[in-house]
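# Make a model of this:
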Amino acid sequence: MTDVLSPAAARRAFLLLTVARWFPVGLVVGIFTLWFLERGLTVSEALVMFAVTGVVVFALELPTGGLADAMGRRPVLLAAAAVNIVAGTVLILGTSFWVFALGAALQGVFRALDSGPLEAWYVDTVHTTEPDADVDQTLATEGSVMGASMAIGAVVSGGLIVWDPLPASTALLLPMACWVALNVLYLAGLLVLMKEPRTHVDATGLRRAALSAREAPGVVRDGLGLLRHNGVLLSLVLVEVFWIGALVVFETFQPVRLAELVGGEEQAGALMGPIAAAGWGVFALGSALAGRSSRRIGVARTAILARVLNGLGAVVMGLVTGPAGLIAAYLFTYGLHGSGSPMHSALLHREAQARNRATVLSMNSMVFFVAFSIVAPPVGLLAEATTTQVAMVAAGSFSILGALLYLPALRAERRRPQPASV
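Modelled structure (predicted):
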């Protein structure tokens, strides 16, 4: 058994790994859709790529979450990081629909393996020495750190696009290549920083792997059983079905709409660097404000407020007619995205235990991705049949309805004794 980190040491490692995980994403998050469009895909085909990722995540999310709970978070995260490097390489080299689909599928494998284990590792490490400690403040800090990391990455990405030192290729290539290279450093960080408490599996090597494979189905069954018997958890994961509408607007359609307004993908790509940086800056601010708000009005009320305002911001993004208005609405919406995400995670952790924590997070992620796979392509077709703006307003309006599903968590919070906060 590896020595257990203290809560303070675990927090430092958790936040450092958060930087290493999300800074590379900042390089590409604003240009992924533009990359697909510039390589010859249509808007609806680009959304199909994201849907392919979602379908793969849906198929693998619970098995990989069960594997992380049974075998351990560290080996699963190491496997995820390795797959991410391969997926990025395929997406860079892709020139056809089917090659991009392969890269998107590998991204789905990565996200299924990656969703939940790092956060579950941190929470379980803290609970090893401080049982039942609440973690909403650290999760809010994680959101701020993630936002700041992605903001810096986006600034660097915009600079690389403007610099364009590879005139023989598209200006979008360099940030894509840097994204893959930095994912290698994230893999190294996992190897060095993660020290995992073995709280429910006491085996090593091949024996531990075999034992984990046998345990994983049972952990998955237990996780599904939680949804049948825990109405609060069921409502929380169903929030994702609705919230995905806003995500499609501010993640996928924002660069598409910006390209319409400024005259092309490369022009939009150059602007997306500073815009995405500002977006992740306000994401970090939103996460910090959510931590303050949760202390005053509670985690559930903060989550409700954030989701409603996030959906309204997505609607406004569809209504504005100029680039300045689009950018302002985008920043508002992204700030509320930063407020809602850590509060949603904190509510999920309240319904989980050490033996199923990664599974609970995986169930939430699974619903998120399958909802994206179902919602995104029709929104893309709606945009092609009408206008980008009509699709954005429709998707943003749909997302607001999800705030109602936080009401069971709000009632549970009123009955809940106040634990210590880390």
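# Determine which residue of the chain is most distant from the centre point.
When each C-alpha in the chain is compared with the mean C-alpha position (CA atoms, centre = their mean), Ala168 comes out farthest, at 33.5 Å.
# Check the secondary structure at Ser169 for me.
coil (DSSP: H, G, I helix; E, B strand; the rest coil).
# measure it to Arg292 for me?
46 Å (CB to CB, to the nearest Å). To be clear about C-beta, it is placed using only N, CA and C from the backbone, and glycine gets the same treatment.
# residue contacts, the nearest residue to Gly26 once chain neighbours are set aside?
Leaving aside its sequence neighbours, Gly26 sits nearest to Gly153 (CB to CB, 6 or more residues apart in numbering; 2.1 Å). By CB atoms under 8 Å, 6 or more residues apart in numbering, the contact set of Gly153 is 22-27, 29, 277, 280.
# Show me the two of the residues you listed that sit farthest apart.
Across those, the longest distance by CB to CB is 14.3 Å; it joins Pro24 and Ala277.
# So which other helices or strands are in contact with the longest helix anywhere in the chain?
Longest helix of the chain, by residue count under DSSP state H: helix 265-297. Applying 3 or more CB pairs under 8 Å, 6 or more residues apart in numbering; DSSP states H and E, one finds that helix 265-297 makes contact with helix 7-28, helix 32-38, helix 136-163, helix 254-262, helix 299-319, helix 323-350.
# If you count neighbours, what's buried in the last one?
Going by neighbour count (16 or more other CB atoms under 10 Å), the buried part of helix 323-350 is 323, 326-327, 329-350.
# and the angle for the very next helix or strand once past it with helix 254-262?
The C-terminal neighbour of helix 323-350 among helices and strands, as given by DSSP states H and E, is helix 357-385. Interaxial angle of helix 357-385 relative to helix 254-262 (axes from the mean of the first three to the mean of the last three CA atoms, to 10 degrees): 30 degrees.
# for helix 357-385, packing partners?
Helices and strands touching helix 357-385, by 3+ CB pairs under 8 Å, 6+ apart, are helix 43-71, helix 97-114, helix 117-129, helix 205-229, helix 231-247, helix 323-350, helix 388-400.
# ok, back up a step: any idea which of the helices and strands packed on helix 265-297 gets closest to Arg73?
Here helix 7-28 is closest among the helices and strands packed on helix 265-297 (CB to CB), at 11.1 Å.
# May I see the contacts of Gly153 arranged in TSV, with distance to Ile92 as well?
Listed next are the contacts of Gly153 as TSV, based on distance: CB to CB, whole Å:
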residue	distance to Ile92
Trp22	19
Phe23	18
Pro24	13
Val25	15
Gly26	17
Leu27	12
Val29	16
Ala277	22
Trp280	23
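# Thanks a lot, see you next time.
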